[in-house]
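**Student:** Coordinates for the following, if possible.
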Amino acid sequence: TNLRDIIPKDHICYLMEDVIDQLDFSSFDEEVEGPGNPSYHPRIPLKIIINGICERVTSTRKLEKLTYENIVFRYLSENLNPDFHTIAMFRRENKNLIKQCFLQTVEIAKQLNMVNFNKLYLDGIRVKANASKSKTFTKEEMDFLSDFVDKHLKEMDKVDEEENKKYGDSTGEPKIPEYLTSRRKLREKIKQILKDMDKAKRQMDKAKNKVKKENVDKVNLTDMDSKMMKMKKGIHYEQAYNCQLLIEDKSEIIVCNNISDSPVDTTETKPTMEKFKQEQNVSLKGVEVFQDNAYSSPATAEYYENEKAVAYIPDPVTTKELHGKVKDIPKFHNDNFKLDFRRNQAICPAGYRMDFIRKEVDKENGNWTNIYKTDKCKGCEFQKECVSNKEHTYREARINPLMRKIRLRFKTKRGVEKYNQRFHKGEVAQGHIFHNLGYREFKCRGIKPCENEVNLFSCAYNLKKIQIKLKERGQSLREKIKNIFFEQFYNCYILES
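**Tutor:** The predicted model follows:
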């Protein structure tokens with residue numbers, strides 16, 4: 001029986017098949033040339049893994065089982081049954097091919113007119129690492145464990161050496177007494193167990209090098225690249241990775257992703273947007289970017305100013321205003337000082353103008369503020385309330401003009417309405433990935449293999465979006481995708497000619 005006759009014509013597996021079959025497998029074809037048993041073509045495990053994510057199945061053992069029992073998986077695997085080791089190894093090692101597949105889904109969405117790069121939403125999700133919190137150690141704990149293992153291994157080797165000198169070969173004369181034989185067998189068994197400690201010791205040495213090199217407080221021996229992070233609900237902490245998802249406005253397609261071990265989002269804007277610019281060969285000039293207050297920082301504001309992008313990122317004060325908690329801000333707080341951009345002066349709540357004095361830069365993180373001061377403080381009726389330091393008779397206002405410029409965008413009704421769309425569009429992807437795809441924990445260990453997983457679930461998410469859009473338009477999946485690839489190859493042929 002032809003499996004195509006059983007599977008519905010609008011099933012996502014056909015879309016998946018057409019997208020993956022168009023990838024460039026030339027490097028694989030060169031690698032497997034020559035004698036030896038034939039390898040599984042990489043398109044087979046790639047189809048199996050992505051379809052598994054769409055069906056909420058990420059276990060490689062379950063995926064292997066489904067190639068025997070499920071007609072869709074059997075169709076995608078071309079009636080072959082790669083074992084779970086093969087599938088797991090493919091997921092861990094084929095970075096370029098998996099990334100190419102993700103970028104292909106973005107390109108298809110562009111060809112279907114589903115993408116709008118003029119309005120982007122950046123949001124981060126914390127995905128749990130394949131690591132136990134109990135395997136996280138400080139430098140002092142690692143030193144203690146390393147010394148403990150060394151000491152016990154040396155002691156056992158010393159005892160064995162003394163017994164060999166005293167009793168000779170156990171197969172000859174004199175024989176080791178029976179009570180010592182049982183003890184020696186026990187010791188051999190313990191040594192066998194402690195062979196794993198050698199591996200643990202190597203891990204600890206590697207972890208100690210990481211502590212020294214990266215100046216971190218703790219390292220997890222199971223997955224050294226992961227960090228302890230506060231999860232989304234803020235109730236608990238887990239070993240996790242910070243995954244950034246860049247969503248476009250028109251169809252909520254993931255157009256770029258990035259993974260890091262940073263527990264905070266303030267440092268993630270520039271690497272993610274630079275990656276997006278490089279992959280899509282676009283500029284951020286005039287692009288509206290929406291992010292939550294976790295990204296608010298002088299460095300982020302300066303980056304978007306240099307890129308000439310229009311950023312909507314609420315700072316802590318703006319967040320309070322958006323939630324109706326503006327009364328919580330003290331009257332003479334720095335954020336209540338207005339800024340005259342034309343004259344480069346600050347205006348205090350009492351109405352006095354403050355001149356620019358200097359620019360102050362934080363050496364640790366590079367964040368900066370302008371400092372403004374006035375000589376009117378001494379005779380001001382609000383001096384005691386405004387100047388908190390009793391030793392000073394004047395007040396300094398520390399303001400970053402670029403962050404203040406972003407805040408002004410939230411002062412208009414249109415700006416607030418635009419930003420509120422972020423909740424309906426920017427956070428759709430993370431909800432879909434967590435709840436519909438059920439992807440809450442990485443299966444691989446190490447930041448590079450986990451990057452492959454980010455591209456895989458981004459690919460699965462995009463394919464679902466493309467399938468829904470084609471169904472809404474009443475278009476045939478196969479015919480439309482074939483037409484897209486025909487146009488791509490035709491355009492490449494014309495350019496080469």
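**Student:** where in the chain is pLDDT low?
**Tutor:** 1, 28-38, 142, 145-146, 148-201, 232-234, 326-328, 389-391, 475-497 (pLDDT under 70).
**Student:** Let's check: the centremost residue of it is which one?
**Tutor:** Cys243 (2.0 Å; CA atoms, centre = their mean).
**Student:** helices or strands up against the strand or helix carrying Lys405?
**Tutor:** Lys405 is part of helix 401-408, with elements assigned from DSSP states H and E. Based on contacts counted as 3 or more CB pairs under 8 Å, 6 or more residues apart in numbering; DSSP states H and E, the elements that helix 401-408 packs against are helix 298-307. For glycine as for every other residue, the C-beta is placed from the backbone atoms N, C-alpha and C.
**Student:** Tell me the buried residues in the helix it packs on?
**Tutor:** Neighbour counts using 16 or more other CB atoms under 10 Å place 298-304, 307 of helix 298-307 among the buried residues.
**Student:** Please list the outside residues in contact with that helix.
**Tutor:** Outside of helix 298-307, the residues that reach it under the criterion CB atoms under 8 Å, 6 or more residues apart in numbering are 266-267, 269-270, 273, 283-285, 289, 291, 310-311, 313, 365-369, 400, 402-403, 405-406.
**Student:** redo that, cut-off 7 Å
**Tutor:** Applying CB atoms under 7 Å, 6 or more residues apart in numbering, the external contacts of helix 298-307 come out as 266, 269-270, 284-285, 289, 311, 313, 366-368, 400, 402-403, 406.
**Student:** Between helix 401-408 and that helix, find me the angle.
**Tutor:** When axes from the mean of the first three to the mean of the last three CA atoms, to 10 degrees is applied, the directions of helix 298-307 and helix 401-408 differ by 80 degrees.
**Student:** what about helix 298-307, distance to the chain center?
**Tutor:** Between the centre of helix 298-307 and the centre of its chain there are 21 Å (CA atoms, centre = their mean, to the nearest Å).
**Student:** What's the first helix or strand after that helix?
**Tutor:** Past helix 298-307, heading to the C-terminal end, the next element that is a helix or strand (DSSP H and E) is strand 310-312.
**Student:** Contact partners for Lys471?
**Tutor:** Going by CB under 7 Å, 6+ apart, Lys471 touches Asp10.
**Student:** Secondary structure element for it, which one?
**Tutor:** In this structure, Lys471 sits in helix 447-473 according to DSSP H and E.
**Student:** Could you do Gln244 as well?
**Tutor:** Element membership of Gln244 [criterion: DSSP H and E] is strand 237-248.
**Student:** Only the buried residues of that strand, if you could.
**Tutor:** Of the residues in strand 237-248, those with enough neighbours to count as buried (16+ other CB under 10 Å) are 238-248.
**Student:** Tell me the strands beside that strand, with direction?
**Tutor:** As defined by DSSP bridges, the strand partners of strand 237-248 come to strand 119-128 (antiparallel), strand 227-230 (antiparallel), strand 254-260 (antiparallel).
**Student:** count of neighbours near Gln203?
**Tutor:** Neighbour count for Gln203, taken as other CB atoms under 10 Å: 17.
**Student:** Next, it: secondary structure please.
**Tutor:** Reducing the assignment to helix, strand or coil with DSSP: H, G, I helix; E, B strand; the rest coil, the entry for Gln203 is helix.
**Student:** May I ask you to confirm that it is in contact with Thr222?
**Tutor:** No. Judged on CB atoms under 7 Å, Gln203 makes no contact with Thr222 at a distance of 8.7 Å.
**Student:** how near is Cys444 to Ala129?
**Tutor:** Distance, Cys444 to Ala129, using CB to CB, to the nearest Å: 9 Å.
**Student:** and the gap between the residue nearest to Thr393 when sequence neighbours are not counted and Asn257?
**Tutor:** Leaving aside its sequence neighbours, Thr393 sits nearest to Lys378 (CB to CB, 6 or more residues apart in numbering; 5.4 Å). Counting by CB to CB, the gap from Lys378 to Asn257 is 55 Å.
**Student:** neighbour-wise, which of the two wins?
**Tutor:** When neighbours are counted by other CB under 10 Å, Lys378 and Asn257 differ, and Asn257 comes out ahead with 24 against 10.
**Student:** contacting residues for the more buried one?
**Tutor:** If you count contacts by CB under 7 Å, 6+ apart, Asn257 has them with 243-246, 454-455, 458.
**Student:** Pick out whichever of those residues sits closest to Glu141.
**Tutor:** Distance from Glu141 was checked for each of the contacts of Asn257 by CB to CB. The minimum falls on Cys243, at 28.8 Å.
**Student:** Could I get the buried residue list for stretch 287-300?
**Tutor:** Using 16+ other CB under 10 Å as the test for burial, stretch 287-300 gives 287-292, 295-300.
**Student:** Please identify which of the residues you listed is nearest to Leu122.
**Tutor:** The shortest separation between Leu122 and any of the buried residues of stretch 287-300 is 4.8 Å, and it belongs to Gln291 (by CB to CB).
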